[in-house]
Every structure is written in structure tokens, then in C-alpha cells.
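Engineer: 3D model of this:
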Amino acid sequence: MNAALQTVAEPDEADWSDEATGYACRIVRHPRAKHLCGYVQVPEGHPLHGLSYSADLPEALAPLADAVLHGPIGKRGAIEVFCIAAGGGKLDVGGLFDVHGSITFSGDLLGRDGHWFGFDCAHSGDLSPGYDYGDGVYRTFEYVKAECASLAKQLQQVAA
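Structural biologist: Sure, this is the predicted structure:
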């Protein structure tokens, strides 16, 4: 592990229910690279339940796409932004969400019930403690927990 982070004491995983939305959340540390990944479960009946993050945005959610495409980039990854531009402004499901590095996961999570959307903290500018190179920023457990809460809120807003 990166020497600068050996003194960081934080859990390798955690499960909780987001206070504001009631959505299930999970954080897991990558086994090799040691960065954290955050996940939020969408309930059955949610308009994105069962969809891949790379799926075309359902037509019923098209008004949300317009707001995203004309708003700030936020914490979305550069690849996400370039893909939107290359696709003629067509947004996929993951592109709806302003979360660290964009949505990089959807589906069943480690044998847990339900459909989950997730993100990771191993992007350009991020530090993965399992590797002894790079000058990135380590994304702490508290940072990832806050990003999960933000994603849960955004997911709930899509369902409203």
C-alpha cells in the first residue's frame, strides 16, 4: 500500500440505508488497487431498475437529459462527456448522474439482491493506495459515503 496512506484507518466495506432516501448503499474497497467503490440500490418499480448504465435513456426520461446536457459537467468523467458529445448529445442512463467519475457499474452486486448503480475512485487524478505510483488524490471513505448519498438522492429524483 502507498506509504502515505498506511496510517488511514477506515473500513474496507460498509452497508447502510441512506437517511434521506431510504435507498440501500454499499462501499467496497477494491481488493488489489485499494481504492473505494460506492453503490446504491434502486428499488423495484424504479424507472431504471434492470437497466444497464450504458443503455439508451428511456424516452419518458428525455426531459431530464435536456437539463443534464445544458448544465454543468460536474463530477462526471471526461470520457462520459466526450461520449455524449460524440453521440450527438444523446445521453445514456449513466450520464444522468453527477457522481465521481461517472457511473461505472450497474446490475447485481456481489450476490446481493436488487439492481445497483455504482462508481469507482480509480480515475485520472485519483490515487489508488495499492499502487506505489501516481500523485492523485485519495478519495476517503467519508467522501465516497457522501457521493453515495448524492447518487441516492439523484436516483430518487429520477423516480419522482
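
Engineer: how about the spatially most central residue of the chain, what does it touch?
Structural biologist: Among the residues of the chain, the one closest to the centroid is Phe119, at 2.8 Å (C-alpha atoms, centre = their mean). Neighbour list for Phe119: 37-38, 99-105, 147, 151 [criterion: C-beta atoms under 8 Å, 6 or more residues apart in numbering]. (Glycine included, C-beta is placed from N, CA and C.)

Engineer: and these, which is closest to Val93?
Structural biologist: Ile103 (7.5 Å; C-beta to C-beta).

Engineer: tell me, how many residues neighbour that closest one?
Structural biologist: 25 (other C-beta atoms under 10 Å).

Engineer: which residues does the residue nearest to the centre of the chain bridge with?
Structural biologist: Beta bridges link Phe119 to Gly38 when assigned by DSSP bridges.

Engineer: what's the pLDDT at it?
Structural biologist: Listed pLDDT for Phe119 reads 97.

Engineer: gap between it and Val93?
Structural biologist: With distances taken as C-beta to C-beta, to the nearest Å, Phe119 is found 13 Å from Val93.

Engineer: joint contacts of these two?
Structural biologist: With C-beta under 8 Å, 6+ apart as the test, Phe119 and Val93 both reach Ile103.

Engineer: restricting to C-alpha, output stretch 19-36 in PDB.
Structural biologist: C-alpha atoms of stretch 19-36 as PDB (Å, rounded to 0.1, in the frame of the first residue of the first chain):
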ATOM      1  CA  GLU A  19     -31.200   8.600   5.700                       C
ATOM      2  CA  ALA A  20     -32.800  10.900   3.200                       C
ATOM      3  CA  THR A  21     -34.000   8.400   0.600                       C
ATOM      4  CA  GLY A  22     -34.100   5.000   2.300                       C
ATOM      5  CA  TYR A  23     -32.100   3.500  -0.600                       C
ATOM      6  CA  ALA A  24     -29.500   0.800   0.300                       C
ATOM      7  CA  CYS A  25     -25.900   1.900  -0.100                       C
ATOM      8  CA  ARG A  26     -22.700   0.000  -0.100                       C
ATOM      9  CA  ILE A  27     -19.000   0.800  -0.100                       C
ATOM     10  CA  VAL A  28     -16.400  -1.800  -1.100                       C
ATOM     11  CA  ARG A  29     -12.600  -1.400  -1.300                       C
ATOM     12  CA  HIS A  30     -11.100  -2.900  -4.500                       C
ATOM     13  CA  PRO A  31      -9.000  -5.900  -3.400                       C
ATOM     14  CA  ARG A  32      -5.800  -5.100  -5.400                       C
ATOM     15  CA  ALA A  33      -5.800  -1.400  -6.200                       C
ATOM     16  CA  LYS A  34      -7.300  -0.500  -2.700                       C
ATOM     17  CA  HIS A  35      -9.500   2.400  -4.000                       C
ATOM     18  CA  LEU A  36     -13.100   2.600  -2.800                       C
END
